[in-house]
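Novice: Generate coordinates for the sequence data below:
(one chain, ligands or ions: 1)
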Amino acid sequence: MSDLRIENLSVRYGKATAVEKVSLTVPAGSVTAVVGPNGAGKSSMALGIYGSTDAQGTIKLGETDLSQMAPISRARAGMALVPQGRQLFPRLTVRENLQVLAEILKLSSADVDLALDRFPILRERESRLAGVLSGGEQQMLVVSRALMGKPKVLILDEMMTGLAPKIVAELLDTIIQCARDGAAVLILDPALGPLKRGVDRGYVLLRAQLGAVHQGPVALDAAYQQAMGVIHEEVVAE
Ligand SMILES: Nc1ncnc2c1ncn2[C@@H]1O[C@H](COP(=O)(O)OP(=O)(O)OP(=O)(O)O)[C@@H](O)[C@H]1O
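Specialist: Next up, the predicted model:
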């Protein structure tokens, strides 16, 4: 079991700063949330941690420094990302979408079968093109794909958006179990909402900057509401 430690992570697009020197720990065996309004920098943070956008700072998994590694090497080191917007191969079947990652991570077809069996609907749809799945089915596929390599770190960017409560509950159960099995889980979302049930600790991200850690969903929600109230007051005053 390895904690994920991020120190002074910054993401810049030209002169614009999307993430400004954020430091946080995602302990193994827990679900850590980063909540923040639209445009706060959540996706930039997730992509920076995974290495798929340029970022400065240090990213360590246990004693292993991932900071200079390409995304594929981070994946092989045990990091998995469920990016915002699902990002499947729409013209490949459900099984083929899983096989692509299985080949990269040198996993067996038995691992692909386990991923298909994680959600019964995926097994039913294994020969269908991913592009014709419903939104919820696609999300089950990306989560199942991310879990296929038994990741030590699982990062989920707005994975619940637009999904029915039953599917949200099912996905959340899967993710909580992943943390209970020892993974360090980081969920980034604009609303705590149904995630409250699964969150152990978390941070508020506001205008590229991360606040202090809060233990438990109640304290995190209160801090987020307060931070959003501050923004509201500023807007009213303008
Ligand atoms: N590729 C990019 N090039 C330039 N600016 C970008 C790029 N991606 C994001 N930004 C800007 O960086 C800031 C943070 O965006 P980001 O998508 O990380 O926020 P977010 O918190 O994930 O937002 P949302 O909840 O709406 O998805 C925004 O001002 C956005 O316009």
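Novice: dump the residue contacts of the residue nearest to residue 88 when sequence neighbours are not counted.
Specialist: Using CB to CB, 6 or more residues apart in numbering and skipping residues adjacent in sequence, the residue nearest residue 88 is residue 130, 4.3 Å away. C-beta here means a position set from N, CA and C on the backbone, and glycine is covered the same way. Under the criterion of CB atoms under 8 Å, 6 or more residues apart in numbering, the contact partners of residue 130 comprise 88, 89, 90, 91, 92, 93, 94, 97, 138, 141.
Novice: what about burial for those, which qualify?
Specialist: Under a neighbour-count criterion of 16 or more other CB atoms under 10 Å, the subset of the contacts of residue 130 counted as buried comprises 88, 93, 94, 97, 138, 141.
Novice: and of the contacts of residue 130, the nearest to residue 36?
Specialist: Among the contacts of residue 130, residue 138 lies closest to residue 36 (CB to CB), at 24.4 Å.
Novice: now whichever strand or helix holds residue 33: mean pLDDT?
Specialist: Per DSSP states H and E: residue 33 is located in strand 30-35. The average pLDDT within strand 30-35 is 97.
Novice: For it, list the C-alpha coordinates in PDB.
Specialist: Extracted C-alpha coordinates of strand 30-35, given in PDB (Å, rounded to 0.1, in the frame of the first residue of the first chain):
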ATOM      1  CA  SER A  30      -8.900   6.000   1.600                       C
ATOM      2  CA  VAL A  31     -11.100   8.100  -0.700                       C
ATOM      3  CA  THR A  32      -9.900  11.700  -0.900                       C
ATOM      4  CA  ALA A  33     -12.000  14.400  -2.700                       C
ATOM      5  CA  VAL A  34     -11.000  17.600  -4.300                       C
ATOM      6  CA  VAL A  35     -14.100  19.800  -4.800                       C
END
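Novice: domains of the protein?
Specialist: Annotated domains of the chain cover 4-78+152-237, 88-150 [automatic domain parsing].
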